[in-house]
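Student: give me the fold of what follows.
(chains A and B, ligands or ions: 2)
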Amino acid sequence: MTTTDREIMATEGIDVFYGSSQILFDVSVSVTEGQTMALLGRNGAGKSTTLKAIAGLAPPKTGKVRILGRELQRRRPHVIARAGLGYVPEDRQVFPEHTVEDNLLIGEKRGPNGEDYWTVRRIYDMLPLLEPLKDRFAGRLSGGEQQMLTIGRTLMGNPVGLLLDEPSEGLAPVIVQQIGALLRKLRDMGVTVLLAEQNMHFCLGIASHATVIDKGQIVFRDTIEALKANEDVKARYLAL
Amino acid sequence: MDLSALASCLITPSCVITQTTSGLIIGLLLFLVAAGVSLIFGVLKVVNFAHGAFYMLGAYFAYTAYQLSGNYLIAVLAGGIGVALFGLVFERLLISRVYGSPVLMQLLVCYGAILILDDLVKIIWGADFLSFGMPSAFQQLPFVFAGGVVPVFYLFLIVVALAIAGLLGLLISKTRYGKIVRAAAVNPSMVSALGINTGVVYASVFVLGGFLAGLAGGLAAPVRSLTAGMGTSIIIESFIVTVIGGMGSVAGALVGSILIGLVRSFGTIGFPLFTEGLMFVLMAVVLVLKPSGLFGKGGA
Ligand SMILES: Nc1ncnc2c1ncn2[C@@H]1O[C@H](COP(=O)(O)OP(=O)(O)OP(=O)(O)O)[C@@H](O)[C@H]1O
Ligand SMILES: [Mg+2]
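Tutor: Numbering: from 1, shown residues only, chains lettered A, B, ... in the order given. Ligands and ions are numbered 1, 2, ... in the order given. Below you'll find the model as predicted:
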């Protein structure tokens, strides 16, 4: 597990609107190499919108989005993905009428510097429950299996930075544990992750740092240990 | 209505063979146009009313290429490739501006294009009917099966069109390109977030649809008379096919097209004055029994 000060993905002072209503206010988040950063906040705080802004799906009106030092705000999602960003949406969005393996193959691409580490074989080795399901339609999988698949599909694109939107949401405790183990494995491989979560406890053994968002504004930024010890911030901004 | 004529045809092998052959030709040429309409709608959510005009352009491009080269293969490819390129320009210049627009807006854009293209055809190739003529390679004695006469060119058309249908099916179901196209039809923003340029996917589907319509025009040219407006009836039939087969389904387009072809060819015997109406009756029956079409998904 190597971490450096090199910035992998960041937003700088972004404002995001849906129609005329402003959702994000001057949001800055930065994730450095090898870090797993938790983005915590209640329902509707703006976590998903922050991730979508980085991925190009909810382009910011003002402010900057940087991936590996390249300014990519308001560029289309495929440009941002090719610059090294992987996005795993909260509602999973597997392609339901494609098989598990075809879902993985659609995600296949090289990383921004020609990286081609991930293959279908390596995904099955890391997520063994997918292999026996490879010919099944993704729409027929359980929620946990779909979550594994959508993470695997994004990894197939060899991203340098990974956005994960509430991967544990709505899943049975035993599946949540498996997802936690997977995230630790990715962290140990040196993948840089921005993990949106409502549940701080899920992030404890996974994330090193935490950013807290509330009503579209960043209200806390420190190590996850500091957040764990800060009863005031937890009581005010997190649903525990 | 002449049901006795229809009945006597159905018990006469030579009549069945002749009518089935001509029904297959109508149906398979229609399929090449309808498959493009269906794919373009399935992926781009745009109803390309101008697709019949693409078929017409394919026939005229093939006509000119045949005049210049005397080679029918070159003529058909010129129809396909010429219309594919035309489709690319058309999509970038016009259709890409009406993505997500109400269908009435799409209709207006396409209808305008049809009027302009029909007039351009009259200006360039003249207002009179043109006859392509039967390429010399096919000027041979026809095959005779059980007394039914089948011209060599008809057999050629059936084999080539079926081969194209098979290749198209493989392209869409088995290749990575086809997988991406089907995924983009369902969830384009997720496809884009995985690093795939959906604009290029959209344009390529339009080009593919244009290529097929252009091939259809070139293949049909020796057995149809060329005239401005020759795309009108085939586009209406294409819509009937997509309703029968289910929007966005290539297999549905094939089955729907062949059904329409057979209804037309046997209908001319049993219902000589009501052949067009029969297609609509068939469509209505399918709509009542399975509103999403034979191969369509979901309820309505
Ligand atoms: N498409 C949209 N149009 C309008 N408002 C939206 C849209 N999507 C989200 N919002 C609003 O933006 C705010 C932030 O939503 P967001 O999805 O970013 O929250 P979140 O922190 O991810 O919440 P959750 O934990 O429930 O997923 C909410 O008030 C939400 O109602
Ligand atoms: Mg959310």
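Student: okay, helices next: where are they in chain A?
Tutor: Counting by DSSP state H, chain A has helices at residues A:47-55, A:77-82, A:100-106, A:120-126, A:143-155, A:173-188, A:200-204, A:224-229, A:231-237.
Student: most tightly surrounded among the ones you listed?
Tutor: Burial of the helices of chain A is given as mean neighbour count (mean count of other CB atoms under 10 Å in any protein chain shown); helix A:47-55 ranks first at a mean of 25. Using the backbone N, CA and C atoms, a C-beta is placed for each residue, glycine as well.
Student: that one near ligand 1 at all?
Tutor: Yes - if you take CB under 6 Å from any ligand atom as the test, helix A:47-55 does meet ligand 1, through A:47-49.
Student: stretch A:19-34 too?
Tutor: Yes - judged by CB under 6 Å from any ligand atom, stretch A:19-34 and ligand 1 are in contact via residue A:23.
Student: and that stretch, anywhere near ligand 2?
Tutor: No - Stretch A:19-34 does not reach ligand 2 (CB under 5 Å from the ion); its nearest approach is 11.3 Å.
Student: now that stretch: buried residues?
Tutor: For stretch A:19-34, burial by neighbour count (16 or more other CB atoms under 10 Å in any protein chain shown) applies to A:23-24, A:27, A:29-34.
Student: chain B against chain A: which residues are in contact?
Tutor: Within chain B, the positions adjacent to chain A are B:176, B:179-180, B:182-183, B:186-187, B:189-198 by CB under 8 Å from any CB of the partner chain.
Student: the residues you listed in helices, which ones?
Tutor: Of the residues of chain B next to chain A, the ones assigned to helices by DSSP H are B:176, B:179-180, B:182-183, B:186, B:189-193, B:198.
Student: can you map out the strands along the stretch 101-250 of chain B?
Tutor: For the stretch 101-250 of chain B, strands defined by DSSP state E, counting those that start in this stretch occupy the ranges B:143-145, B:148-150.
Student: most packed of the ones you listed?
Tutor: Stretch with highest mean neighbour count among the strands of the stretch 101-250 of chain B: strand B:148-150 (a mean of 16; mean count of other CB under 10 Å).
Student: just checking, what packs against that one?
Tutor: Applying 3 or more CB pairs under 8 Å, 6 or more residues apart in numbering or on different chains; DSSP states H and E, one finds that strand B:148-150 contacts helix B:13-44, strand B:143-145.
Student: quick revisit: just send the strands of the stretch 101-250 of chain B back as a markdown table, with mean pLDDT and distance to ligand 1 too.
Tutor: Listed next are the strands of the stretch 101-250 of chain B as a markdown table, based on pLDDT from 0 to 100; distance: least, CB to the nearest ligand atom, whole Å:
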| stretch | mean pLDDT | distance to ligand 1 |
| --- | --- | --- |
| strand B:143-145 | 88 | 62 |
| strand B:148-150 | 89 | 59 |
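Student: how about the ones you listed in a markdown table, adding distance to residue A:213?
Tutor: Output for those, formatted as a markdown table (distance: least, CB to CB, whole Å):
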| stretch | distance to residue A:213 |
| --- | --- |
| strand B:143-145 | 75 |
| strand B:148-150 | 73 |
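Student: any regions of the chain where pLDDT drops low?
Tutor: In the absence of a named chain, this looks at chain A. For chain A, residues meeting the criterion pLDDT under 70 lie at A:1-2, A:240.
Student: that's the wrong chain, I meant chain B
Tutor: Applying pLDDT under 70 to chain B flags residues B:298-300.
Student: can you tell me which residue sits nearest the middle of it?
Tutor: The residue lying closest to the centre of chain B (CA atoms, centre = their mean) is residue B:33, at 1.7 Å.
Student: tell me which residue in the stretch 1-150 of chain B sits closest to ligand 2.
Tutor: residue B:100 (25.0 Å; CB to the ion).
Student: now the nearest residue in space to that residue that is not next to it in sequence. Its backbone dihedrals?
Tutor: Nearest non-adjacent residue to residue B:100, counting by CB to CB, 6 or more residues apart in numbering or on different chains: residue B:45, 7.3 Å away. Residue B:45 adopts backbone torsions of phi 60, psi 30, taken as degrees, to the nearest 10.
Student: so residue B:45 makes contact with residue B:101?
Tutor: No - the criterion here is CB atoms under 8 Å, and residue B:45 misses it with residue B:101 at 9.9 Å.
Student: which residues of chain A lie near ligand 1?
Tutor: So far as CB under 6 Å from any ligand atom goes, chain A lies against ligand 1 at A:18, A:23, A:41, A:43-49, A:90, A:198.
Student: repeat that for 8 Å
Tutor: Contact residues, chain A versus ligand 1 (CB under 8 Å from any ligand atom): A:18-19, A:21, A:23-24, A:41-52, A:58, A:90, A:165-166, A:169, A:196, A:198, A:213, A:216.
Student: how much space between residue B:63 and chain A?
Tutor: Distance of residue B:63 to chain A, computed by CB to the nearest CB, to the nearest Å: 41 Å.
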